[in-house]
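Q: from the sequence below, what's the structure:
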Amino acid sequence: MKNNAGKVILGVTIGAIAGAIAGVLFAPQSGKDTRKLISKKSKEYVEKGKKMVEKGTDAAKDKIKDAADDISKKLES
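A: Alright, predicted model coming up:
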């Protein structure tokens, strides 16, 4: 489950970056301005992606801990 969630988050992040880059490439700007904007947006999306992965990882850890606690309680009964 953890592996699939990471793949989904990675896919969403890559898709968002690709969409942003495509939007910038079709915007009417000079090449220099476009490259600067792509660089800036790429860095922003990488940071957002890292935060999403961190949140997803934390949520998965919480769910795993809750499940382990439930199993322990049932085994003790």
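
Q: what residue ranges in the chain score low on pLDDT?
A: For the chain, the stretches with pLDDT under 70 are 1-3.

Q: quick one, longest helix in it?
A: Assignment by DSSP state H gives helix 31-76 as the longest helix of the chain.

Q: from the chain's centre, how far out does it sit?
A: 5 Å (Cα atoms, centre = their mean, to the nearest Å).

Q: the residue most central in space within the chain and Gly56, how far apart?
A: For the chain, the residue nearest the mean C-alpha position is Gly49 (3.5 Å; Cα atoms, centre = their mean). To Gly56, Gly49 is 10 Å away according to Cβ to Cβ, to the nearest Å. Where C-beta positions appear, they are placed from N, C-alpha and C, glycine not excepted.

Q: and for Lys63?
A: 11 Å.

Q: same thing with Asp33?
A: 34 Å.

Q: give me the more crowded residue out of these two.
A: Gly56 (15 against 11; other Cβ atoms under 10 Å).

Q: list the residues that are in contact with both of Gly49 and Gly56.
A: Contact criterion Cβ atoms under 8 Å, 6 or more residues apart in numbering; residues shared by Gly49 and Gly56: Ile9.

Q: by contact count, what packs against whatever helix or strand Val8 lives in?
A: Here Val8 sits within helix 2-25, counting by DSSP states H and E. With contacts defined as 3 or more Cβ pairs under 8 Å, 6 or more residues apart in numbering; DSSP states H and E, the packing partners of helix 2-25 are helix 31-76.

Q: please consider this matter closed, and thank you.
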